[in-house]
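1. What would the 3D arrangement of this be:
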Amino acid sequence: MISTKLSRVPARATGLTPCFVEALQWDIQQIQLSIARRAYELFEMRNREHGHDWEDWFQAESEMLRPVSIAVSESSDRLSLRANVLGFDENQLKVSIEPQRLTIVGRKLFDAKIRLVKEQRGEFEPDQILHVIDLSSEIDPRRAFVELQSGVMKFELPKVEQSEAMPASA
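-> So this is what the prediction gives:
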């Protein structure tokens with residue numbers, strides 16, 4: 001008898017190297033500029049009717065940014081986060097880990113013709129991620145671990161020990 005059960009090969013995990021938040025500034029600015037351009041297009045499409053600036057901005061964000069779902073668990077010594085970045089690979093993602101903030105930036109670059117065809121077919125998804133997470137505890141970025149596996153970015157963030165966080169007074 002031949003088994004029809006498929007054996008699953010474990011997905012390959014890729015370690016990611018966090019960068020300083022300053023290294024992400026250019027990417028963040030480019031994403032914000034594209035959102036601003038789209039918000040202005042929406043404003044013009046409404047014959048420049050004022051009073052809808054936030055609505056235009058949020059509409060532009062929803063069109064340009066891929067939503068990222070985040071799951072967080074916390075123990076006494078660490079924060080563990082999982083971010084759904086399905087469709088992005090390690091070359092398209094950048095992450096910055098600060099003591100109280102985590103920033104994820106993702107950018108896919110498509111040829112203009114491919115983008116147009118996908119939009120016409122209704123297949124086009126937002127091709128950018130900009131997600132900033134304020135952390136509930138101070139963590140030690142130097143000891144943080146990040147990996148990407150099967151579209152999930154996994155973060156293990158060791159908390160700063162209380163003796164490190166609050167220096168003793170003299």
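
2. Show me the strands in this structure, by range?
-> Counting by DSSP state E, the chain has strands at residues 13-15, 70-74, 78-84, 93-98, 101-107, 128-134, 145-149, 152-158.

3. nearest to residue 57, of those?
-> Of all those, it is strand 128-134 that lies closest to residue 57, at 13.2 Å by CB to CB. Every residue, glycine included, has its C-beta placed from N, CA and C.

4. List the buried residues for that closest one?
-> 128-131, 133 (16 or more other CB atoms under 10 Å).

5. Other residues contacting it?
-> 28, 31-32, 34, 64-66, 68, 70, 81, 83, 85, 88, 93, 100-108 (CB atoms under 8 Å, 6 or more residues apart in numbering).

6. what distance separates that strand from the centre of its chain?
-> When distances are taken as CA atoms, centre = their mean, to the nearest Å, strand 128-134 is centred 4 Å away from the chain's centroid.

7. try stretch 143-159
-> Stretch 143-159 sits 12 Å away from the centroid of its parent chain (CA atoms, centre = their mean).

8. Not counting its own residues, what contacts it?
-> Stretch 143-159 has contacts (CB under 8 Å, 6+ apart) with 11-18, 76-90, 93, 95, 97, 102, 104, 135, 137-140.

9. from these, which would you call buried?
-> So, by 16+ other CB under 10 Å, the buried ones in the contacts of stretch 143-159 are 16, 18, 78-79, 81, 83, 85, 88, 93, 95, 97, 102, 104, 135, 138-140.

10. So what sits opposite residue 72 in the bridge?
-> residue 81 (DSSP bridges).

11. That one and residue 78 touch, don't they?
-> No. Using CB atoms under 8 Å, residue 72 is not in contact with residue 78; the gap is 11.1 Å.

12. Tell me, how many residues neighbour residue 62?
-> 12 (other CB atoms under 10 Å).

13. wait, what's in contact with it?
-> Counting by CB under 8 Å, 6+ apart, residue 62 has contacts residue 126.

14. Relative to residue 35, how far out is it?
-> Per CB to CB, to the nearest Å, residue 62 is found 10 Å from residue 35.

15. What residues of the lengthiest helix in the chain count as buried?
-> Assignment by DSSP state H gives helix 21-45 as the longest helix of the chain. Across helix 21-45, burial judged by 16+ other CB under 10 Å covers 21, 24, 27-28, 31, 34-35, 38-39, 42-43.
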